[in-house]
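S.K.: no sequence for this one, just the structure:
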């Protein structure tokens with residue numbers, strides 16, 4: 001052995017003066033986060049792991065059967081970092097520190113990395129407690145792509161008190177998908193309560209890969225008992241308890257964290273979700289309310305849940321404020337827009353119209369279209385209403401024209417433009433689809449009354465006009481009056497409730513009808529009663545109020 005190493009050493013001497021060690025760069029740059037919620041890194045990691053696992057499985061099978069690399073034969077691509085394991089035959093003979101050191105330096109200088117690897121491997125076998133040779137074996141292993149070997153040596157050093165080696169071993173174990181080693185290296189420190197948050201993250205992730213969240217939870221409980229409460233651990237306990245179906249324990253951990261360290265938007269959302277699962281919507285809303293002051297515009301999940309819970313408990317002002325925030329951020333969902341239309345429509349038809357129009361443009365749902373044209377008419381935005389009506393193509397793939405709401409809006413718009421023929425056609429189309437639609441009937445009659453279409457009114461007011469539906473009494477009475485059927489109009493007026501007939505305006509209208517019907521005495525009585533009602537109203541007004 002001594003003679004063989006000496007010979008190798010002297011053969012390498014001529015190149016010592018000119019050669020310099022070539023140190024390859026690390027193949028992997030550790031990501032900034034090992035969390036499973038890092039979607040981009042997680043997707044890349046899973047692809048890498050899938051390729052690596054398939055290649056490793058095929059390699060193992062080929063080694064057993066001797067049939068070659070079927071994975072590559074079928075067009076597979078091995079991971080770029082993969083290097084096949086080096087089969088090592090240790091050098092024979094006894095260990096000599098001086099010769100081994102000289103030979104190792106010579107092998108490196110002459111770029112004979114395979115021999116340097118074999119030498120370091122032999123030295124570790126013969127002197128297992130020699131940390132220097134383990135470090136040298138790690139160095140050469142990394143250069144040759146033997147990452148499993150490097151991981152083995154770093155793990156040994158870590159288990160024997162080398163903190164720097166422990167960090168390297170953990171990073172490489174994560175990269176090589178060795179969660180068993182991550183757990184082996186980190187679990188003792190975790191239970192002792194000396195682990196950092198970053199290491200806890202790696203440990204919990206490793207337990208997740210092993211399918212053992214219960215063991216991660218046990219480590220967390222041990223650390224909390226030993227070191228007292230800790231915000232990160234309480235949040236992780238809440239998460240793992242939820243994964244295991246322990247909702248009450250998860251909720252207790254979140255509430256404990258909020259009690260000790262204050263509520264954050266993230267923890268408040270988790271607490272509110274758990275309370276909502278139990279049907280405690282008001283308590284869930286209160287949990288969010290405690291963190292509302294610290295929530296900023298980037299906390300979209302917070303505002304989404306805040307808006308939903310406010311809607312559920314009928315806190316309309318809070319729901320409106322949250323939905324408006326989401327709308328202005330461009331983060332409102334379909335259901336957020338629906339709620340915002342309903343909440344804003346009561347006070348601001350123009351705002352409801354704009355929100356509904358955005359919902360129509362984004363989701364192309366008829367619901368938003370009909371809300372948009374309804375509020376456009378309510379806000380008397382005739383130009384916008386016309387533009388919305390013209391958006392429906394001739395083929396009408398969504399079947400918008402099959403609904404009476406479309407034709408009602410068309411009638412409104414045509415009336416606003418003075419196109420009464422088109423308006424009448426639109427209302428007729430609405431009634432053809434739904435003959436019982438009182439709103440369409442009312443709009444049509446009012447349009448004919450306002451524009452003096454007497455002939456058309458006479459044609460429509462046939463049959464039993466003395467007993468119209470309650471919602472049509474006022475317009476029918478006005479229509480009968482318009483065509484000169486004053487007694488019929490009086491009869492329809494009389495069929496209404498007394499509460500509406502006692503107003504001065506209604507009494508004066510009836511007085512006019514009685515006068516035109518040849519009953520001046522009844523007309524005088526109605527006018528006298530109307531004057532008395534007006535005097536009573538003036539008496540009830542406070543001093544200084546405008547009449």
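M.R.: Ah, there it is. Treat the numbers as computed from the prediction; the structure is a model and nothing was measured. Numbering: from 1, shown residues only.
S.K.: How about the contacts made by residue 401?
M.R.: Contacts for residue 401 were tallied using Cβ atoms under 8 Å, 6 or more residues apart in numbering; they are 392, 407. (Glycine included, C-beta is placed from N, CA and C.)
S.K.: what residue ranges in this protein score low on pLDDT?
M.R.: 1-82, 436-438, 440-442, 444-502, 505-533, 535-536, 539-547 (pLDDT under 70).
S.K.: give the contact list for residue 83.
M.R.: Contacts were defined as Cβ under 8 Å, 6+ apart; by that measure residue 83 touches 144-146.
S.K.: Out of those, who's the most crowded?
M.R.: When neighbours are taken as other Cβ atoms under 10 Å, the top entry among those is residue 146 (22 neighbours).
S.K.: Next, work out how far apart it and residue 153 are.
M.R.: Look at residue 146 and residue 153: by Cβ to Cβ, to the nearest Å, they are 10 Å apart.
S.K.: Which of the contacts of residue 83 sits closest to residue 377?
M.R.: Using Cβ to Cβ, residue 145 comes nearest to residue 377 of the contacts of residue 83, at 72.8 Å.
S.K.: which residues in the stretch 151-300 of the chain form helices?
M.R.: Assigned by DSSP state H, counting those that start in this stretch, the helices in the stretch 151-300 of the chain fall at 163-175, 179-192, 197-209, 213-227, 231-243, 247-261, 265-277, 281-291, 300-312.
S.K.: Identify the residues contacting the third one?
M.R.: Okay, so that is helix 197-209. Taking Cβ under 8 Å, 6+ apart as the criterion, the residues outside helix 197-209 that touch it are 33-36, 170, 174, 177, 179-180, 182-183, 186-187, 189-190, 195, 213, 215-216, 219, 232-233, 236, 240.
S.K.: Give the buried subset of these as a PyMOL selection command.
M.R.: Below is the selection syntax for PyMOL that covers the buried ones among these, with 16 or more other Cβ atoms under 10 Å defining burial:
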select buried, resi 34+170+174+177+179+182+183+186+187+189+190+195+213+216+219+233+236+240
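S.K.: From the contacts of residue 83, pick the one nearest residue 363.
M.R.: Taking Cβ to Cβ as the measure, residue 363 sits nearest to residue 145 out of these, at 52.0 Å.
S.K.: In the host helix or strand of residue 328, which residues are buried?
M.R.: For residue 328, the element it lies in under DSSP states H and E is helix 316-329. Within helix 316-329, the residues that qualify as buried are 318-327, counting by 16+ other Cβ under 10 Å.
S.K.: same for that helix, what does it pack against?
M.R.: Based on contacts counted as 3 or more Cβ pairs under 8 Å, 6 or more residues apart in numbering; DSSP states H and E, the elements that helix 316-329 packs against are helix 300-312, helix 334-345.
S.K.: Just put those in a markdown table and tack on distance to residue 428.
M.R.: Compiled in a markdown table, these are given as follows (distance: least, Cβ to Cβ, whole Å):
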| stretch | distance to residue 428 |
| --- | --- |
| helix 300-312 | 39 |
| helix 334-345 | 28 |
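S.K.: Now these in TSV, please, with extra columns for distance to residue 360 and mean neighbour count.
M.R.: Rendered in TSV, the data for these read as follows (distance: least, Cβ to Cβ, whole Å; neighbours: other Cβ atoms under 10 Å):
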stretch	distance to residue 360	mean neighbour count
helix 300-312	21	22
helix 334-345	10	21
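S.K.: Between those, which one is closest to residue 122.
M.R.: Of all those, it is helix 300-312 that lies closest to residue 122, at 58.1 Å by Cβ to Cβ.
S.K.: gap between residue 337 and residue 362?
M.R.: Relative to residue 362, and taking Cβ to Cβ, residue 337 is found at 8 Å.
S.K.: what do those two both touch?
M.R.: Residues touching both residue 337 and residue 362 do not exist when contact is defined as Cβ under 8 Å, 6+ apart.
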